[in-house]
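> Everything below, folded, please.
(2 chains)
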Amino acid sequence: MLNEKLKLNPRLFEADVEMRPTRDGYGEGLLLAGEKNKNVVALTADLSESTRADGFAKKFPERFVELGVAEQNLATVAAGMGVSGKIAFISSYATFSPGRNWEQIRTTIAFNDSNVKIAGHHTGFSVGPDGATHQALEDIALMRVLPNMKVFVPCDAIEARKATLAAAQIWGPIYLRFGREKTPIFTTEATPFLPGKLEVFWGSPKPAVAIIASGPIIGEALKAAMELKKRKIEVIVANCHTISPIDKEGIETLAKKAGAIVTVEEHQVRGGLGGAVAEIVSGAHPVPMEFVGVKNTFGESGAPAELWQKYGMTAKDIVSAARAAIRRKK
Amino acid sequence: MKDLHEKQLKFLEETANFVRQDVIKMLLAAGSGHSAGSLGMADVMTALYFHILNHKPKQPNFKDRDRVVLSNGHICPVLYAVLARAGYFPLEELKTLRQLGSRLQGHPHRLALPGIENSSGPLGSGLSQAIGMALTARMDGKKHRIYCLMSDGEHQEGNTWEAIMSASKYRLSNITAIIDRNHIQIDGFTENIMPLEPLKEKYESFGWQVLEVSGHSFESIISAVAEAQAIHERPTAIIAHTIPGMGVSFMENDYIWHSKAPKSEEARLALKELRSLGGKIRSEHE
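Numbers count the residues shown, from 1 in each chain, chains lettered A, B, ... in the order given. Below is the predicted model:
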């Protein structure tokens, strides 16, 4: 059942639950961070409106830098600001940043330890109709492999705002991942956001499997938990908003408690949340694992919901994965 | 910036000669590294750290310091040598270049050594970082200047031109780019590998002020930097024409020495030449 302590949105299972894109949370968080600290600056590469940096640009034009369609310059100009006392937020579509400018991020932001926050937008299948070129399914892997880089994947617009504000307060390189489409609001203002910590959204004293999800697709995991409950299968659903540094202790605890794990993400399983969790589980407490996510393929045009269905990422697929993991338990 | 008197000129020439000797010794001890560019930029580096910059070697992070962004990190031996001679760290440390545990990494790392403003090595990203620093200085109402040292070869990187475009858009007159125009890169001569000319006109058409100087004339380097400081409408690029390997006859203008270090006999000859050259560099190449 839903974890009451987290004060989640009581309406999250309703058909007409409030829907907002996580990128809106970025825009709000950026504006609030700018109001709190005059050293917050924002930079974009010709995508200020769709990455929601436009509100900041209007309110603080003197702290906004528009660099045109040039993501390598975007990252490196920010790197220069981040070592000079600024808290530099850069936003673009994730396939371009951190896609195209990965080496610049590696050398001038991560290795150089510059105070830059990289907002990757239109991630996963959320940019559906634009097709494979614009669907970032590799960005988590690109960022979590870098030493000195933190990776936040908020599940809804409220958490996105909290993650953006937290990023402004934590020194150093941070990657933030956002989606384009409206997705359900799962949390409330009162839900805690503790960087680096898993949160159990759906708990059970005797779980048969633990489902670990990140991003808005956690909604499918919660629907799956409800469905499994009808079949008398108790599960845990944990929200893993921080993929680097990942909550090693929290994952170990879930592996021990449930004895089987399913990961759920809108990203390649290889190198994504699935890979990150498997790295912990295989070393600390090996248990059967199943992976829901993109399996070594590019996307294609289509509505996000259609793509989730085609690529096996719906509640139904999560139910199957959970049952498969349980069957493999000794 | 002070005018250059005869005494100061002699001091700069002597210092640059010592810096070149340091470079040879460091590269010999390391067994690998980039000789030609390091020797070629010894005069520009010496002019910066011993005449031009407002800096405090004992307080490397003081806020209003001028910044030097080395974009072509592979010539770091010469940067390390001038930093040590200016007092940022002990001279004895120079011989640890490229060794395990050394603060003198094979390519410069900001967190490793005082005086390093940016980690670099991969080419084409320095000018952008200089722009970030220049925008910050402007936002904060600071008067310090940003000097970006670039190779000619890295003008083949797209990132470089993204940066050139944006420095012009923001009219960043607090940036001075100094380009080491030595015409060589790893695989050969720049104009054979991927032609850069007309480099001056390219910068001008992107909205920059361009000055051309001999990179071995302290008077020209220093007066060009002074001229750049007097321009308030746009950024300035100083194309410094240099001789790669300058000061060591068998290294000069030979692209083989771009990414090669001297062996012991070669180092002995190089040091002998440099010692006998003494302060004569100016008269021979003017």
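> Can you give me the pLDDT of the closest residue to chain A within chain B?
Using CB to the nearest CB, the closest approach of chain B to chain A is made by B:Gly132 at 2.2 Å. Where C-beta positions appear, they are placed from N, C-alpha and C, glycine not excepted. Reading off the confidence values, B:Gly132 has pLDDT 98.
> Then B:His285?
So, for B:His285, pLDDT stands at 45.
> B:Ala84 now?
pLDDT recorded at B:Ala84 is 98.
> re earlier: what residue, apart from its backbone neighbours, is nearest the residue of chain B closest to chain A spatially?
A:Gly80 (2.2 Å; CB to CB, 6 or more residues apart in numbering or on different chains).
> and if you look at B:Met165?
Leaving aside its chain neighbours, B:Met165 sits nearest to B:Phe206 (6.0 Å; criterion: CB to CB, 6+ apart).
> and the one you found, how far is that from B:Arg234?
Per CB to CB, to the nearest Å, B:Phe206 is found 10 Å from B:Arg234.
> what sits in contact with each of the two?
B:Ser168 (CB atoms under 8 Å, 6 or more residues apart in numbering or on different chains).
> now the residue nearest to B:Gly132, what's its secondary structure?
Here A:Gly80 is helix, with the state taken from DSSP: H, G, I helix; E, B strand; the rest coil.
> burial measure for it, as a count.
Neighbour count for A:Gly80, taken as other CB atoms under 10 Å in any protein chain shown: 33.
> Going along the chain, name the helices of chain A.
A:22-36, A:54-59, A:71-82, A:102-104, A:139-144, A:157-169, A:218-230, A:248-258, A:273-284, A:304-310, A:315-327 (DSSP state H).
> Could you check the angle the first one makes with helix A:157-169?
To tie it back to what came earlier, the one meant is helix A:22-36. 40 degrees (axes from the mean of the first three to the mean of the last three CA atoms, to 10 degrees).
> ok, helix A:22-36 near chain B or not?
No: using CB under 8 Å from any CB of the partner chain, helix A:22-36 stays clear of chain B, coming no nearer than 12.7 Å.
> Give me the contacts around that helix.
A:40, A:42, A:50-56, A:59-60, A:63, A:87, A:89, A:91, A:119, A:121-122, A:154-165, A:167-168, A:176, A:178-180, A:183, A:215-216.
> Filter the residues you listed to keep only those in contact with chain B.
A:Arg63.
> For the contacts of helix A:22-36, which ChimeraX command selects only the ones that are buried?
ChimeraX command restricting the contacts of helix A:22-36 to the buried ones, with burial defined by 16 or more other CB atoms under 10 Å in any protein chain shown:
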select /A:40,42,50,51,52,53,54,55,56,60,63,87,89,91,119,121,122,154,155,156,157,158,159,160,161,162,163,164,165,167,168,176,178,179,180,183,215,216
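> before we move on, back to that, what helix or strand is the residue of chain B closest to chain A on?
Secondary structure here is read from DSSP states H and E; on that basis B:Gly132 sits in helix B:126-139.
> so how many other residues sit close to A:Val83?
So A:Val83, with other CB under 10 Å, has 25 neighbours.
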